[in-house]
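Asker: from the sequence below, what's the structure:
(one chain, ligands or ions: 3)
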Amino acid sequence: MPHEVRGVIARSKGGPVAVETIQVPDPGPGEVVVDVQACGVCHTDLHYREGAINDEFPFLLGHEAAGTVSQVGSGVSNVNEGDFVILNWRAVCGQCRSCLRGRPQYCFATHNAHQKMTVDGIELTPALGIGAFAEKTLVAAGQATKVDSSAEPEVAGLIGCGVMAGLGAAMNTGGVTRGDSVAVWGCGGVGDAAIEGSRIAGAHTIIAIDLDDRKLEWAKDFGATHVINSAGMDTDQVVEAVQALTDGNGVDVAIEAVGSPAAYEQAFFARDLAGTVVLVGVPNPEMRIDLPMIEVFGRGGSLKSSWYGDCLPTRDFPMLIDLHLQGRLQLGRFVSEKIGIEDVEAAFHKMEQGEVLRSVVMI
Ligand SMILES: NC(=O)c1ccc[n+]([C@@H]2O[C@H](COP(=O)([O-])OP(=O)(O)OC[C@H]3O[C@@H](n4cnc5c(N)ncnc54)[C@H](O)[C@@H]3O)[C@@H](O)[C@H]2O)c1
Ligand SMILES: [Zn+2]
Ligand SMILES: [Zn+2]
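Answerer: Ligands and ions are numbered 1, 2, ... in the order given. Purely as a prediction, here's the structure:
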């Protein structure tokens, strides 16, 4: 029997989201139904609502979630009913050319549930194949990763997207290590997680860059050693400010957590020779960058993109939850407010106004 539950739906580009009754099927082979307990509001949900990802409306939003497995389909062996899980949006296939080369974190054929959840008989597109601003959601079993159930759902869920993306951008993609200098553009949930990851990895200098002084204050709590408010500054001024904090050299790892050509250009020029630029912010399809090719060549190093922090959920989620439970990873600081399922639209406005790091929907 399909379940009738409440979920947050975006019906049209830019239109306000609303709570509606959705239908969630019983799990088929390889699928599980999860009772969602908490789901963070990520900027990517807003990108969906704005039509910046694709136009496959209606969307069931929400993708940064933790909950309890309530039903498992046939053939599922990685989780059982009652397990406390974090949902992930890159369930690796194990069979594509990347997985077969031993690089499952880059899997080229990650999968989602086969069956569709619906609203009024219309198929829903779940955000990032999850759709967790809902009382129940249907996912592929590989999208559910069991973690220690003593972690609170509101912090555990954050590992499912923004915090993992930021931590992994620093620790996995950027390879930040002891003694490195790092600068992070954009101090939202993702950027602050990159700062936290850099601190845990042993970075020596961590420069937070944002347009908003409030965000920069919070960034210090995560481990930023210096801050730059880049509002009104051009690229040269930002680069000079970063160089002034790094003996005139620039940073070893420059992490762009905005999704903006201006911030990317600053990151590109503010890194040291042989340094690494990591793009974790999501650009929209119209954005372009224009860089002198001789600088791309002459500076050496590498320009990388970071999808989901190049994480492997089965490896990273339980480990990060353990670090949190040991008091070594500060997840509670990311939670600005706990809200109800009716409050997602208001949370989008607060995000746009820069008032919150993460609003977390408690279900
Ligand atoms: N790559 C991934 O796997 C992944 C995963 C999750 C989110 N994201 C993306 O990461 C980005 C950040 O997400 P978030 O949830 O932290 O967003 P957010 O809106 O909470 O934070 C963005 C921050 O960037 C600042 N900012 C805006 N323009 C800036 C500029 N020119 N220079 C410096 N700072 C600037 C804002 O003031 C804000 O503090 C988004 O693009 C989101 O879609 C990527
Ligand atoms: Zn997200
Ligand atoms: Zn694969």
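Asker: tell me the contacts of the residue in the stretch 151-300 of the chain that ligand 1 sits nearest to?
Answerer: Shortest the stretch 151-300 of the chain-to-ligand 1 distance, computed as CB to the nearest ligand atom: residue-wise this is residue 188, at 2.0 Å. In this view, the C-beta of every residue, glycine as well, is placed from N, C-alpha and C. Listed by CB atoms under 8 Å, 6 or more residues apart in numbering, the contact set of residue 188 reads 43, 162, 215, 257, 351, 357.
Asker: if you set the cut-off to 6 Å instead, what comes out?
Answerer: If a contact means CB atoms under 6 Å, 6 or more residues apart in numbering, then residue 188 has no contacts.
Asker: so which residue is dead centre in this structure?
Answerer: Centroid check for the chain by CA atoms, centre = their mean gives residue 162 as the closest residue, at 2.5 Å.
Asker: skipping its backbone neighbours, what lies nearest that one in space?
Answerer: residue 189 (4.0 Å; CB to CB, 6 or more residues apart in numbering).
Asker: again with residue 311
Answerer: Spatial nearest neighbour of residue 311, chain neighbours left out: residue 168 (4.7 Å); criterion: CB to CB, 6+ apart.
Asker: confirm that the one you found sits in a strand.
Answerer: No - under DSSP: H, G, I helix; E, B strand; the rest coil, residue 168 falls outside any strand and is assigned helix.
Asker: any residues of the stretch 151-300 of the chain in contact with ligand 2? List them.
Answerer: Contacts of the stretch 151-300 of the chain with ligand 2, taken as CB under 5 Å from the ion, map to residue 161.
Asker: and the residue of the stretch 151-300 of the chain closest to ligand 2?
Answerer: In the stretch 151-300 of the chain, no residue comes nearer to ligand 2 than residue 161, which is 3.3 Å away by CB to the ion.
Asker: OK, contacts around the closest residue to that residue other than its chain neighbours?
Answerer: In space, and not counting its chain neighbours, residue 161 is closest to residue 64: 3.9 Å by CB to CB, 6+ apart. Applying CB under 6 Å, 6+ apart, one finds that residue 64 lies in contact with 39-40, 42, 157, 160-161.
Asker: switch the cut-off to 8 Å
Answerer: Applying CB under 8 Å, 6+ apart, we find residue 64 in contact with 39-42, 132, 157-158, 160-162.
Asker: got it, and residue 131?
Answerer: With CB under 8 Å, 6+ apart, residue 131 has these contacts: 7, 59-63, 117, 124, 137.
Asker: could you say which helix or strand holds residue 7?
Answerer: According to DSSP states H and E, residue 7 maps onto strand 3-10.
Asker: now that strand: buried residues?
Answerer: Buried residues in strand 3-10, defined by neighbour count with 16 or more other CB atoms under 10 Å: 3, 5-10.
Asker: do the same with stretch 333-353
Answerer: Buried-residue list, stretch 333-353, by 16+ other CB under 10 Å: 334-336, 339, 341, 343-344, 347-348, 350-351.
Asker: among those, which ones are in strands?
Answerer: 335-336, 339 (DSSP state E).
Asker: ok, so of the residues you listed, who is nearest residue 250?
Answerer: For these, the residue nearest residue 250 by CB to CB is residue 336; the value is 32.1 Å.
Asker: quick one: contacts for the closest one?
Answerer: Contact analysis of residue 336 by CB under 8 Å, 6+ apart lists 355-359.
Asker: farthest pair in those residues?
Answerer: The span of these, defined through CB to CB, is set by 355 and 358 at 11.3 Å.
Asker: buried ones in the strand or helix carrying residue 154?
Answerer: Residue 154 is part of helix 153-156, with elements assigned from DSSP H and E. Buried residues in helix 153-156, defined by neighbour count with 16+ other CB under 10 Å: 153-156.
Asker: give me the mean pLDDT for it.
Answerer: What helix 153-156 shows for mean pLDDT is 98.
Asker: can you check stretch 190-198 too?
Answerer: For stretch 190-198, the per-residue pLDDT averages 97.
Asker: so what pLDDT did the residue in the stretch 1-150 of the chain that ligand 2 sits nearest to get?
Answerer: Residue nearest to ligand 2 within the stretch 1-150 of the chain: residue 42 (3.0 Å; CB to the ion). If you check residue 42, the pLDDT there is 94.
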